[in-house]
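>>> predicted model and sequence follow; I will ask about them next.
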Amino acid sequence: DQQVKQNSPSLSVQEGRISILNCDYTNSMFDYFLWYKKYPAEGPTFLISISSIKDKNEDGRFTVFLNKSAKHLSLHIVPSQPGDSAVYFCAASQGGISSGSARQLTFGSGTQLTVLP
Amino acid sequence: ETGVTQSPTHLIKTRGQQVTLRCSSQSGHNTVSWYQQALGQGPQFIFQYYREEENGRGNFPPRFSGLQFPNYSSELNVNALELDDSALYLCASSPRQGIGEKLFFGSGTQLSVL
């Protein structure tokens, strides 16, 4: 049972245009969401995150939108650059610091983004 | 600042053997998590260690075990290897327990079981 789904295995975008990567989740207990980027032969690196109390978070060219009612989040990259070409993973977690629960991330299967020059 | 380092980078084992993977967490980080990433899939949570004790476990059998040492480095041990254990094993560290903190991943150990 996949609790976090990235239904597009790949996406190609022209340099300078917007890249939109989508992610759906089924577990309504998730309250924190993250995006990670992964280059070949490297570990995933953190990109941006959003708490469930927000619906938008921006960091430079990257914006994450969260639609809790639809259990959907998206990552927008504007403008896209060739160096953005990588696999992008959506991840979610649940639990709070006060609960003492472990930080367990549930990842989607990833979307390969290719930005064409 | 030294990042998360894992060793070895690649490993080939045969079915039934045992393997130990190693991880040095980022300086100042006291929580270590291990993830398994099979080909074409996202990383899957194996377990987490905090202050040398297991603190959370994913859906993995007991033949997957771990250790965390006083210097916060960690080991992942897998006994009785199966073909399906072939995967990239990722170690991640974080500065403290709880959610809302990003994880810092190593480059992983690629394990092939023949």
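Perfect, thanks for sending it. Numbers count the residues shown, from 1 in each chain, chains lettered A, B, ... in the order given.
>>> going forward, measure contacts between C-alpha atoms and count neighbours the same way
OK.
>>> number of residues surrounding B:H10?
Counted by other Cα atoms under 10 Å in any protein chain shown, the residues lying close to B:H10 total 11.
>>> same check, this time on the one 5 residues further on
A count of neighbours around B:R15, defined by other Cα under 10 Å, yields 15.
>>> which stretches of chain B form strands?
Under the criterion DSSP state E, chain B contains strands at B:5-7, B:10-13, B:19-24, B:31-37, B:44-50, B:53-57, B:64-68, B:74-78, B:87-94, B:104-105, B:109-113.
>>> run the chain-centre distance for the last one.
The one in question is strand B:109-113. Put simply, strand B:109-113 sits 12 Å off its chain's centre (Cα atoms, centre = their mean, to the nearest Å).
>>> by contact count, what packs against it?
Secondary structure elements in contact with strand B:109-113, counted by 3 or more Cα pairs under 8 Å, 6 or more residues apart in numbering or on different chains; DSSP states H and E, are strand B:10-13, strand B:87-94.
>>> need the residues of chain B near chain A, please.
Residues of chain B lying close to chain A (Cα under 8 Å from any Cα of the partner chain) are B:40-45, B:48, B:55-56, B:90, B:97-100, B:102-108.
>>> residue contacts, residue 68?
Went with chain A since none was named. Each residue near A:K68 by Cα atoms under 8 Å, 6 or more residues apart in numbering or on different chains is listed here: A:S52, A:D55.
>>> chain B was what I was after
B:V32, B:Y49, B:Y50, B:R51, B:E52, B:E53, B:S74, B:E75.
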